[in-house]
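*Asks:* give me a 3D structure for the following:
(one chain, ligands or ions: 1)
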Amino acid sequence: MNMDQLKRQAAARALEEVRDGMQLGLGTGSTAKHFVELLGERVAAGLKVIGVPTSETTRLDAERCGVKLTTLDEIDHLDLTVDGADEIDPEFNLIKGGGGALLREKIVAAASDRMIVIADDSKWVPTLGKFPLPVEVIPFGLGATRRAIETAFAECGVSGQMAVRKAKDGHVFVTDGGHWIVDAQLGSIVDPPALAKALSAIPGVVEHGLFIGLASSAVLAGGEGIRVIERRKPKGD
Ligand SMILES: O=C[C@H](O)[C@H](O)[C@H](O)COP(=O)(O)O
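*Replies:* Below is the predicted model of the structure:
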């Protein structure tokens with residue numbers, strides 16, 4: 001089974017958690033796209049749900065698949081968010097934002113009663129950091145923001161190269177919110193909650209890809225089948 005088939009399997013397992021009438025957060029990325037497509041099939045068969053997309057790409061995918069959409073201005077909470085991740089550690093800390101959607105993804109996950117992470121099992125890692133950590137920044141004053149990020153890294157015992165993300169056409173990648181992303185090659189993040197807090201305190205940082213205490217469970221698809229792992233503590237603790 002190839003990687004894409006594993007992602008679809010994880011998405012299909014998460015779909016089993018969806019009930020009629022649910023308000024859903026719809027993630028972004030290649031794995032979340034499978035979920036949206038499979039959800040569309042269920043909607044076509046009569047399932048009634050409404051979704052909040054975490055990116056313009058997911059909005060288009062959901063519309064194409066016939067999934068009814070709303071916003072967090074029109075509804076006051078989400079029952080369940082299903083999203084991918086770039087890395088998941090055993091404490092259910094995540095790195096997200098490989099596709100640049102981290103800001104909306106975090107807003108949606110935080111507004112949701114539960115978040116299920118769907119992934120192939122290569123994303124389950126003992127320690128976060130091999131995947132470059134995305135930090136979404138305001139272009140104004142980027143030099144000062146980068147220096148503040150370096151200081152935060154040093155205070156949290158990590159270091160590594162930083163690079164402004166480029167799009168495939170070579171231009172700077174611009175997020176749905178109009179911001180830029182700095183990707184940091186940290187190798188190993190010793191204390192993800194401490195680093196998350198330090199990055200959140202920097203004025204030019206809009207958001208970062210560390211998701212702490214948001215994921216409730218993970219559905220991991222691998223060569224030997226599917227593993228569903230529940231976070232020990234409920235969300236918010
Ligand atoms: O910004 C993108 C998201 O955080 C994705 O959910 C993450 O990068 C995982 O994407 P994929 O399922 O394509 O590996």
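
*Asks:* could you measure from residue 179 over to residue 9?
*Replies:* Between residue 179 and residue 9 the distance is 34 Å, computed by Cβ to Cβ, to the nearest Å. In this view, the C-beta of every residue, glycine as well, is placed from N, C-alpha and C.

*Asks:* next SSE downstream of the strand of greatest length in the chain?
*Replies:* Counting by DSSP state E, the longest strand found in the chain is strand 112-120. Sequence-wise, the next helix or strand downstream of strand 112-120 (DSSP states H and E) is strand 133-137.

*Asks:* what sits up against the helix or strand that that next one is followed by?
*Replies:* Per DSSP H and E, strand 133-137 leads on to helix 142-155 as the next helix or strand towards the C-terminus. Residues outside helix 142-155 that contact it (Cβ atoms under 8 Å, 6 or more residues apart in numbering): 135, 137-138, 159-160, 162, 164, 180, 182, 184, 186, 195, 198-199, 201-205.

*Asks:* same thing but at 10 Å, please
*Replies:* For helix 142-155, contacts defined as Cβ atoms under 10 Å, 6 or more residues apart in numbering pick out 133, 135, 137-139, 141, 158-160, 162, 164, 180, 182, 184, 186, 189, 194-206, 208.

*Asks:* now, of these, which are buried?
*Replies:* Buried subset of the contacts of helix 142-155 (neighbour count, 16 or more other Cβ atoms under 10 Å): 133, 135, 137, 158, 160, 162, 180, 182, 184, 186, 189, 194-196, 198-199, 202, 204-206, 208.

*Asks:* go through the residues you listed and flag which are in strands.
*Replies:* Secondary structure from DSSP E places 133, 135, 137, 162, 180, 182, 184, 205-206, 208 of these in strands.

*Asks:* what about residue 126, neighbour count?
*Replies:* Residues lying near residue 126 (other Cβ atoms under 10 Å) number 7.
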